[in-house]
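>>> here's a sequence, model it:
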Amino acid sequence: MAAFARDSYDVAIAGGSFAGLAVANQLRGGRVLLIDSRSLGEGQTSACGTTVGALGALGALDTIQQIHEDLVLHLAPNRHARLRDRTLRYRLPVQFCTFDYRALCRLLGDRARGRGVEIVQARALGWKDGALLTDEGPVHARSVVDATGWRATVASSIDASYVKREHLSCGLEAELPQPANNHAQGLHFWAGLGTVWPGYAWSFPTGHTSRLGVIAYRQAGAASSGLREALDEFLDGPGAGYWSEDGGSAWRTGTGTPTAGKHLHGGFLPAAPRRPVVGDVLTVGDSAGMCFGLTGEGIRTALVASIALGELLQQSIDGHLTPAQARAHYRRWVTLRRPYWLLMRLLQQIVSRMSDAGLARYSLAAYPQPVFRFLMSQYLMPTRL
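Residues are numbered from 1 along each chain as shown. Take a look at the predicted model:
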């Protein structure tokens, strides 16, 4: 029995996470295929934090687990430095939130099916002779979207140098119960030479649980090296008060290895923009390097780009644009925003070289509310919904 219902498609999308599903949800009335190697909603790698507005634009507010109005920065200097730990609480100009990854993917998947999108569990293998290669056979389509994540499986089969390892950060995370007496509010970050550096640690509350993790920038060397040990040190150190084994008392430092027996998830994050069109293939989300350097935020950027791409592909389906014209318009859309991604990569490189004293001065300079509000408005501008 054939895996695919058609011999050819108007649009074929490789990848069924945020980006691929958001593209699919903009399409109607055409022959559209979406493939992913896993069932939709499986294989979470993200901390799943974004703006409330981003989920609102998708009609997915019901997937929100907790709304956050503050960014809380814990400065964690090296214990040998003559600096004290300090905490800065910044009021966010827009609401952020944590959300349920599986619920969002399944919601978007159901809506896509309702629009006539064919969703098949199949693995993208690459591109050859004008066809999307999969483990279920080749797929012919007028437009092909690579939304396979940082590996960019389809685009990198066309250009072997497309994915640059030196541009990858790496994160690792555990979702753990919050202590009964400390249900945290706000998005919490720890930065400084007293924690994973260059990089940061985080705790994103999700109601009764919290997602706690660490990210290492490539400036640290091999970004993925020693990441589990770094997560253990964080959970047994600065992050100990933010999680519990059973939802009761907070973790007691020095009583074991925090990650032992725990399910962990994570992966690489591209910290530099890539070409949005490779040959005849369109890339979006992490495949296109749309994850901001420094902050590691990639969901909001992926959703905004996917919506823009989906609208262009719909014009192609409707006959208002040729596939080549849709690719040209999308390339232009991404190119106009490329300086923002380059700026965030530059900031990551600069901050990575800072001492604890320099990081404190940098953080305090942004602390006055008018200054922080202005900086956040510029940060949000290129991907505002």
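>>> separation between Glu175 and Trp251?
Using CB to CB, to the nearest Å, Glu175 is found at 14 Å from Trp251. C-beta coordinates here come from the backbone N, C-alpha and C atoms, glycine included.
>>> helices of the stretch 151-300 of the chain, start to end?
153-158, 227-235, 299-317 (DSSP state H, counting those that start in this stretch).
>>> quick check: which of those helices is nearest to Arg373?
Shortest distance between Arg373 and the helices of the stretch 151-300 of the chain, using CB to CB, is found for helix 299-317: 17.9 Å.
>>> helices or strands next to the closest one in the packing?
strand 8-14, helix 18-24, strand 49-51, helix 52-57, strand 140-146, helix 323-352 (3 or more CB pairs under 8 Å, 6 or more residues apart in numbering; DSSP states H and E).
>>> quick one: closest of the ones you listed to Leu107.
Taking CB to CB, helix 18-24 is the member of the helices and strands packed on helix 299-317 nearest to Leu107, at 8.9 Å.
>>> can you give me every residue that contacts the residue lying closest to Asn78 once chain neighbours are set aside?
Leaving out its chain neighbours, the residue that sits closest to Asn78 by CB to CB, 6 or more residues apart in numbering is Leu193, at 3.9 Å. For Leu193, the contact set (CB atoms under 8 Å, 6 or more residues apart in numbering) comprises 76-78, 81, 355-356.
>>> just flag the most distant two among those.
Distance extremes for the contacts of Leu193: the farthest pair is Ala76 and Ser355 at 13.1 Å, using CB to CB.
>>> how much space between the residue nearest to Asn78 and Thr255?
From Leu193 over to Thr255 the distance is 25 Å, taken as CB to CB.
>>> do you know the pLDDT at the residue nearest the centre of the chain?
Residue closest to the mean C-alpha point of the chain, counted by CA atoms, centre = their mean, is Gly298 at 3.4 Å. With respect to pLDDT, Gly298 has a value of 94.
>>> next one: Ala2
Ala2 is assigned 66 on the pLDDT scale.
>>> so where's this protein uncertain?
Scanning the chain for pLDDT under 70 picks out the ranges 1-2, 80-83, 219-225, 385.
>>> mind doing that once more with 90?
1-3, 43-47, 76-85, 181-182, 194-196, 218-226, 381-385 (pLDDT under 90).
>>> and it, what are its domain boundaries?
8-44+101-164+272-352, 49-98+166-268 (automatic domain parsing).
>>> these: which one's closest to Met376?
Distance to Met376, taken as CB to CB, is lowest for domain 49-98+166-268 among these, at 5.0 Å.
>>> which positions within stretch 120-129 qualify as buried?
For stretch 120-129, burial by neighbour count (16 or more other CB atoms under 10 Å) applies to 122, 124-127.
>>> make that stretch 235-244, sorry
Under the neighbour-count criterion of 16+ other CB under 10 Å, stretch 235-244 has 235-240, 242-244 buried.
>>> output it as CSV, restricted to C-alpha atoms.
What follows is stretch 235-244, C-alpha atoms only, in CSV (Å, rounded to 0.1, in the frame of the first residue of the first chain):
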residue,chain,number,x,y,z
LEU,A,235,20.0,21.6,40.0
ASP,A,236,22.2,20.8,43.1
GLY,A,237,23.2,24.5,43.4
PRO,A,238,21.5,27.7,42.4
GLY,A,239,18.4,25.9,41.0
ALA,A,240,17.9,23.7,44.0
GLY,A,241,15.1,25.8,45.5
TYR,A,242,13.1,25.7,42.3
TRP,A,243,12.3,22.0,42.1
SER,A,244,11.3,19.0,44.1
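>>> quick one: which of Ala76 and Ser355 has more around it?
Taking other CB atoms under 10 Å, Ala76 and Ser355 do not tie; Ala76 has more neighbours (26 against 14).
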